[in-house]
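In: Structure for the following, please:
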Amino acid sequence: QVQLAESGGGLIPAGGSLRLSCAASGDIVSINTMAWYRQALGKQRELVATITSDGSSDYADSVKGRFTISRDNAKKTAYLQMNSLKPEDTAVYFCTVDWMLFNDQAMGVRSAHDYWGQGTQVTVSS
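Out: You can find the predicted model right below:
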């Protein structure tokens, strides 16, 4: 069984910083692209940032220059450093993996696609 677990959310005043973590667990062989999405109350889910297995990253215009995505492949963990936070950054932040390979005891190496974590709440007060 593979899982993604986000952590690091919380309540922060505007202008502050937070670092979110996304840890993949299970007998994972490799992970392709990892990404962070967010969804504010009453709004559609929005892609925030992506990072490929070789470290190439991309960002939504709304967070460029303020957020930084990174990953530690050995720890199977992605991070989202969020600086200069604004009230409009308030949302539930989700970690995703587009596909990964993992060892299944019964079936050997298998692939898992479009994996999502449960999300972590980030609230920025004005």
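In: Going by C-alpha atoms from here, please, whenever you check contacts or count neighbours.
Out: Noted.
In: The nearest residue to Asp72 once chain neighbours are set aside and Glu6, how far apart?
Out: Once flanking residues are discounted, Asp72 sits nearest to Ala78: 6.3 Å by C-alpha to C-alpha, 6 or more residues apart in numbering. Look at Ala78 and Glu6: by C-alpha to C-alpha, to the nearest Å, they are 9 Å apart.
In: shared neighbours of those two, which are they?
Out: Common neighbours of Ala78 and Glu6, counting by C-alpha atoms under 8 Å, 6 or more residues apart in numbering, are 21-23.
In: in this protein, which spans are strands?
Out: 3-7, 10-13, 18-25, 28-31, 34-39, 46-51, 57-59, 67-72, 77-82, 91-104, 108-116, 120-125 (DSSP state E).
In: Give the bridge partners for the residue most central in space within the chain, please.
Out: Closest residue to the average C-alpha location of the chain: Cys95 at 3.0 Å, with C-alpha atoms, centre = their mean. Beta-bridge partners recorded for Cys95 (DSSP bridges): Trp36.
In: check contacts around it.
Out: Counted by C-alpha under 8 Å, 6+ apart, Cys95 has contacts 4-6, 22, 34-37, 116-117, 119.
In: could you redo the last one with a cut-off of 10 Å?
Out: 4-7, 20-24, 34-38, 49-50, 78-80, 115-120 (C-alpha atoms under 10 Å, 6 or more residues apart in numbering).
In: next one: Ala5
Out: 21-25, 77, 94-96, 116-120.
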